[in-house]
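Participant: what's the 3D shape of this:
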Amino acid sequence: MISAWPAPGALAIVDVASAPDTLTGVGSGAPGPESASWESGGQETEDDPAPERFVEHRDGWGTARDVGSLIARLVALTWCWTLIWLALWSVVPAIIGWTPTVVTSGSMEPSLPIGSVVQVDDTVDLNKVGAGSVISFDDPGVPGSRVTHRVAGTERAGEDVVAFRTKGDANQEVDTMLVPVANVHGVARLVVPYAGAPKAWAVNGDWLAFGVFFVVTVGAAALSVDTVSRFVRPGTTRRRRRGGRRTAAVAVAVAAMLGAPSTGAAFTATTDSAGSQVSMTSQWFIDAIDRDNPVAHWRLGESPGGAPSLVLADDFETFAGWNNYGAGSVVSSAAQARSGSNSALKIGNNDPNGGWKLLPSSIGNDFVFEVWVYRPASFGGGAIDRVGLEDGSFNGYTFGVDHGGNTLRIDRRTGGSASAIGSSVAFNPPEDQWYRLQMTRTSSAITLTAFDGAGGVLASTTASDATTTAFDRVTVRGGWSYHLDDLSVSASATSTPTVAADRIGTLPGTYVGNPALGQPGLVTSDADAAARFDGIDDMVQLGDSPLINTSARDQRTVELWFDADRVTGRQLLYEEGGTVNGLNVYLDGAQLYATAWSNTSGWSNHLTTIAPAAITVGSRHHVVVTLDAAVTKTLTLYVDGAAVATSTKTDSGSWAAHSDDGGIGALNSDTRFHDGTAQGGGFHFAGDIDEVVIFNSLPTPAHIADHHAAGG
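Facilitator: Model (predicted):
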C-alpha cells in the first residue's frame, strides 16, 4: 500500500510487487472516474499488459517513453499534413481549368525551383502576353519535351503574336529557337514550390532522394494512422486513453498549424491580362517597351568619337541566342571550325530563310561587321550566301556571295526581302577553305571586302544607302548551306556620331551642337548609354514622319527618362508640332509640365498637366505622357510609373496633323506652353536624356508601371 502521495509535479515511483492486490489513485490524488485502476490481483488484462514499473508525473505527459512518442508522432503528422497541403494546392486549381506541370531543371531558378508545380492557364489571349510573362510550351527543338520559361519578346504579324522569344531566368542567353504560338500550352498563374519534387527526382534519376522520400513517407503515414486511430478510438485502459488522447490531440493541432506550407503566386507584379501575376525583372526593359508596339525609339546610346567599340563577338563555342527565320535555321556544328571546336551551320532553304541573333544593344549608322565563311565544295553551288545586320522589322544590309554567278555584292533588306544596291564585282568564292568578309558603314557609305586567310584582298565593292540607320540583330540568310565562325560587330567611332538612331527605323534624328554621348544610362537595367545636353546649344532635331506628326491621331504616348542638371528657367525635354497643333513635355523651374493642343480640330484651349512634386537636381525620373483624343480629350502625366495629373476636354475632333519639326532637349521651331506660345527655338535642357519612345497607342497603367519597373 502507498500511505502518502508526493507533492504535485513530483515523481511517484511504485513497486508493483509490494502491492499486488490493490492499486488506486496513482497520479490523481484520489480514486475517481479518471483514476488509473488495476485491481486484478496482479494479473495483466488483455488490453493492458502490466509493466513491472512505471514512472508518471502527476501533471505531466505520462511515461518518459510517451514524450518520445509525442515527438515522433508530431513529426510524422507534420510530414503527412504538409504533403496533403501540397497535393491540394497542386490539384485543386484544376477545378477552374488550370493544368499542373512539374519543373525538372534549374533554368528558371530562383523563381521556379526544381520540383515546383506550376499551374498553367490555357484560356489566356496570347496576343496580350508580353515580355515578363512565364509560359509553358512544347520545345520546338526537342519533340516531346515541355519547357516553362519567361517571355523575352514577341514576333508579330500585324497585331497578332506569331511566336515568342523565351529565356530561362538562370540562363545568360535567350533560347535558341522561337516558340510558335501553336506550341504554347498557356501562361503560368501559380507555383507550388517543391510539390513535385518526387517526380523531378524520378525524371532526373536521383533515386537516392526518391528512395529516402518513399521510406520516410511510408513510415510517417503508418505512424500518423496509428496516432489518429488512438485519438478517434483509444484503448480500453484509462491511463492509456488519457495519455494517448492528449498526445494525439496535441500532435494533430500542432501539425495542422505547422504543416500548411506558404504557397501563392511566385510572380508578383502585373502583366497584360487580368489575374495573371508575373514578375517583371530589369533585364526585360526593351521587351517591356516592344510589347506596346512603339513607332519610334531614340535610345540616345551612340558611342562618342574614339576607338571602335566591340558590340558582339561570337566564336560559336557556346551556341546560344540564335533564332530561326522562316523555314531556315542556324545550328551548331563540329564538322568545321576556324578556331576552337565548333562553328555555326546555316541550314538550306531559299532566301530569305535562315536565322538571326540579337545584339546586346542597338547600334547606329556606323559599324564594322566581320565574319569568317567556309563552304564545302560538296555542298554544291548556284545559290547566294548572305549575312548582315538588320533591325527589328528585318530592314538592313547583307552581303551577297554568289557561288553560281561568281560575284560579290551588297543587298538592302526590306522586311527580310533582298534587293541589290551598288555594283556587283567579279569574285570567285573560295570553297573548302575559310575566308573573311568585312562590311563597314560610315554615314550612308557601305563597303564590302573579301579577304583570304592571310589578309589579302580578294574582292571589294561599295554602295550608298541611308534607308536603315539603326540595327539590333545579326541575320544569316541565303539559299544554300555554309559555315560561319568568329563573327564580330563593332560600333565604328571614327568621328562623333551625328545621327540619333531610331531603333524602330521610323525617323532617325540629328544631333545638333555637341551632346556628350556615352554617358551612363538612366535605365540602370540596360547597358545602353544616355546623352548629356549642355543647356546651351545641344539638342536632337526630328524631321517629319506620317507615323509621328504628319497624320492625325486619336492616340499618342511619349515616354522618356531624364536627370536635370538645373531646375531654373524653361527647358524642353520633348516637343513636336507648332503653335497650331502639337504636344510637348518641359520643365518650368522645378515644375514638370505636359501640354497638348489642336486648334485645327477646334479644341477651345490646350490641355495642360502639372506634376505636383517638384523636380530636384540629380534625380532620375521616368516620364510618360498619354493623349487620348478619340472622344473626350484626356491628357495624363505619369512620373516614375504612376499617374500624377490628368486634364480633360469635351471638344470634338482628333489630334490634328502638324508638319512642324520636333525636337529632343530643345525647341526645334515653334511650340505652345501652358502660358502662351514660343517661336524660333531655344529652351535648351541641361542634363541627361535617355530612351525617348513614341507610341500611337495608349499603354495601360499597368504596362507603364512595368516600363518603369523594368528600367531598374
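Participant: which one is Ala94 nearest to, not counting chain neighbours?
Facilitator: Nearest non-adjacent residue to Ala94, counting by CB to CB, 6 or more residues apart in numbering: Pro100, 7.4 Å away. All C-beta spots, glycine's among them, are computed from the backbone N, C-alpha and C.
Participant: do Ile536 as well
Facilitator: Closest to Ile536 by CB to CB, 6+ apart is His684, at 6.0 Å.
Participant: secondary structure element for the one you found?
Facilitator: Using DSSP states H and E, no element contains His684; it sits outside every helix and strand.
Participant: count of residues packed around it?
Facilitator: 21 (other CB atoms under 10 Å).
Participant: Ala170 now?
Facilitator: 13.
Participant: so what's Ile694 bridging to?
Facilitator: Ala296, Val558 (DSSP bridges).
Participant: let me see the contact set for the residue nearest to Ala94.
Facilitator: Going by CB atoms under 8 Å, 6 or more residues apart in numbering, Pro100 touches 90-91, 93-94, 117-120, 196.
Participant: got phi/psi on the residue nearest to Ile536?
Facilitator: phi -70, psi 140 (degrees, to the nearest 10).
Participant: circling back: least confident of the contacts of Pro100?
Facilitator: Ranked by pLDDT, the contacts of Pro100 bottom out at Ser90 (65).
Participant: ends of stretch 586-603, what's the gap?
Facilitator: 21 Å (CA to CA, to the nearest Å).
Participant: for the helix or strand containing the residue nearest to Ala94, which positions count as buried?
Facilitator: Per DSSP H and E, Pro100 falls inside strand 99-102. Using 16 or more other CB atoms under 10 Å as the test for burial, strand 99-102 gives 100-102.
Participant: what mean pLDDT does it have?
Facilitator: pLDDT averaged over strand 99-102 gives 82.
Participant: contacts for the following helix or strand past it, please.
Facilitator: Scanning forward in sequence from strand 99-102 by DSSP H and E, the next helix or strand is strand 117-121. Residues from elsewhere that reach strand 117-121 (CB under 8 Å, 6+ apart): 86, 89-90, 93, 97-103, 112, 134, 136, 148, 185-192, 195-196, 275-276.
Participant: now do the helix or strand following strand 117-121: distance to the chain's middle.
Facilitator: Using DSSP H and E, the next helix or strand after strand 117-121 towards the C-terminus is strand 134-138. In terms of CA atoms, centre = their mean, to the nearest Å, the centre of strand 134-138 is set 13 Å apart from its chain centre.
Participant: CA atoms of strand 134-138 as PDB?
Facilitator: C-alpha atoms of strand 134-138 as PDB (Å, rounded to 0.1, in the frame of the first residue of the first chain):
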ATOM      1  CA  VAL A 134       6.000  32.900 -67.900                       C
ATOM      2  CA  ILE A 135       4.700  30.500 -70.500                       C
ATOM      3  CA  SER A 136       4.700  26.700 -70.700                       C
ATOM      4  CA  PHE A 137       5.300  25.300 -74.200                       C
ATOM      5  CA  ASP A 138       6.400  22.300 -76.200                       C
END
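Participant: which SSE is immediately downstream of that strand?
Facilitator: Sequence-wise, the next helix or strand downstream of strand 134-138 (DSSP H and E) is strand 146-157.
Participant: what about whichever helix or strand comes after that following strand, average pLDDT?
Facilitator: Remark: after strand 146-157, the chain's next helix or strand is strand 160-167, criterion DSSP H and E. The average pLDDT within strand 160-167 is 81.
Participant: coming back round to it: which of the contacts of Pro100 lies closest to Ala564?
Facilitator: Nearest to Ala564 among the contacts of Pro100 is Val118, at 44.5 Å by CB to CB.
Participant: dihedrals phi and psi, Asn365?
Facilitator: Torsion angles, degrees, to the nearest 10, at Asn365: phi -70, psi -30.
Participant: list the contacts of it.
Facilitator: Contacts of Asn365 by CB under 8 Å, 6+ apart are 441-444, 466, 469-470, 497, 499, 501, 508.
Participant: tell me the least confident of the residues you listed?
Facilitator: Pro497 (69).
Participant: in the one helix or strand Ala420 maps to, which residues are buried?
Facilitator: Using DSSP H and E, Ala420 sits in strand 417-426. Buried residues in strand 417-426, counted by 16+ other CB under 10 Å: 418, 421-422.
Participant: so how do I select the buried members of the contacts of Asn365 in PyMOL?
Facilitator: Here is the PyMOL selection string for the buried members of the contacts of Asn365, based on 16+ other CB under 10 Å:
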select buried, resi 441+469+470+497+499+501+508
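Participant: tabulate the contacts of Asn365 (a markdown table), appending distance to Val174 and secondary structure.
Facilitator: Compiled in a markdown table, those are given as follows (distance: CB to CB, whole Å; DSSP: H, G, I helix; E, B strand; the rest coil):
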| residue | distance to Val174 | secondary structure |
| --- | --- | --- |
| Arg441 | 26 | strand |
| Thr442 | 31 | strand |
| Ser443 | 32 | coil |
| Ser444 | 32 | coil |
| Ala466 | 30 | coil |
| Thr469 | 25 | coil |
| Ala470 | 20 | coil |
| Pro497 | 28 | coil |
| Val499 | 28 | strand |
| Ala501 | 22 | coil |
| Pro508 | 27 | coil |
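Participant: ok, of the contacts of Asn365, which one's closest to Ala459?
Facilitator: Among the contacts of Asn365, and counting by CB to CB, the member closest to Ala459 is Arg441, at 18.0 Å.
Participant: show me what contacts Arg570?
Facilitator: 586-589, 673, 683.
Participant: endpoints of stretch 585-595, how far apart?
Facilitator: By CA to CA, the extent of stretch 585-595 from end to end equals 7 Å.
Participant: from here on, call the first residue 694.
Facilitator: Renumbered: residue one is now 694, and that last one reads stretch 1278-1288.
Participant: contacts for it?
Facilitator: Counting by CB under 8 Å, 6+ apart, 1251, 1253, 1257, 1260-1268, 1276-1277, 1299-1304, 1307-1309, 1314, 1316, 1318, 1328, 1330, 1332, 1338, 1365-1367, 1376, 1378 sit against stretch 1278-1288.
Participant: of the residues you listed, buried ones?
Facilitator: 1251, 1253, 1257, 1260, 1263-1268, 1276-1277, 1299-1302, 1304, 1308, 1314, 1316, 1318, 1328, 1330, 1332, 1338, 1365-1367, 1376, 1378.
Participant: ramachandran coordinates for the residue nearest to the spatial centre of the chain?
Facilitator: Centroid-nearest residue in the chain, with CA atoms, centre = their mean: Gly825, separated by 3.6 Å. Backbone torsions for Gly825, taken as degrees, to the nearest 10, come to phi 100, psi -30.
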